[in-house]
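Colleague: Quick one: sequence and predicted model below, then my questions.
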Amino acid sequence: MAANIVFPDVEPRYVFERDCLSFRALVDEKPVQCLISAELLYSRFGSQEFSEQSMRQAFHAHRPAIEAIARSHIENGWIDEAGLVLLTTRYTRLTVTFGEHLRNWPEGMEIVQGLHRMLLEIIGPNAEEVAVEWDGADIPPGRPTIDLQLSDPSLPFSQKLYFDNVRFGAAPWA
């Protein structure tokens, strides 16, 4: 995870061949190019038409929200092989919670942090809405488990996964 992310107050550049605006982020003082598509500016941020002027107006009117999306992508490691952060209408809106049992179990939290990094790679930057809930349990008694529940608001169900028989330390309630 990046320690310091700054968005310089510089005018975005229109990129004709990709029909998007480009703006910069400094990640630990290294430049990262962020691109926001015309479609996202139109559908979510009020661009009235697919013109450069309208895109710029929408960008300036919603700059903090756009930068928050880019920050989330950078923090989650969703920078492509060319070093770009691409914000499209399918950008991932991720909600993550850690349950009480897990927060009180340091060894379990350490395991979950590694698992969560792997999960972020799988989810990626274009998954739309995803809710991730991590917790710990002691079911059956004496066998600490890590619970992961993934849900997508577009589906009528969510999936719950269990990592059973965690061997990296006993849960505090075991």
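Modeller: Here it is on my side, so go on.
Colleague: Please compute how far stretch 120-139 lies from its chain's middle.
Modeller: Stretch 120-139 sits 10 Å away from the centroid of its parent chain (Cα atoms, centre = their mean, to the nearest Å).
Colleague: Which positions within that stretch qualify as buried?
Modeller: For stretch 120-139, the neighbour count (16 or more other Cβ atoms under 10 Å) marks 120, 123, 125, 130, 132, 133, 134, 135, 136, 137, 138 as buried. The C-beta positions use only the backbone N, C-alpha and C, and glycine is treated the same way.
Colleague: Within the sheet, what are the partner strands of the helix or strand harbouring residue 21, with directions?
Modeller: Using DSSP states H and E, residue 21 maps to strand 20-27. Paired neighbours of strand 20-27 in the sheet (DSSP bridges): strand 5-6 (antiparallel), strand 13-15 (antiparallel), strand 30-37 (antiparallel).
Colleague: Quick check: of the buried residues of stretch 120-139, which lies closest to residue 38?
Modeller: Checking the buried residues of stretch 120-139 against residue 38 with Cβ to Cβ, the nearest one is residue 125 at 17.7 Å.
Colleague: Just say helix, strand or coil for the closest residue in space to that closest one that isn't next to it in sequence.
Modeller: What sits nearest to residue 125 in space, not counting adjacent residues and going by Cβ to Cβ, 6 or more residues apart in numbering, is residue 78, at 3.7 Å. Classification of residue 78 using DSSP: H, G, I helix; E, B strand; the rest coil returns coil.
Colleague: if I pick residue 78, what's in contact with it?
Modeller: Residue 78 is in contact with 85, 92, 120, 124, 125, counting by Cβ atoms under 8 Å, 6 or more residues apart in numbering.
Colleague: I'd like to know how far the residue nearest to residue 7 when sequence neighbours are not counted sits from residue 24.
Modeller: Distances taken as Cβ to Cβ, 6+ apart place residue 67 nearest to residue 7, at 4.8 Å, with adjacent residues excluded. Distance, residue 67 to residue 24, using Cβ to Cβ, to the nearest Å: 11 Å.
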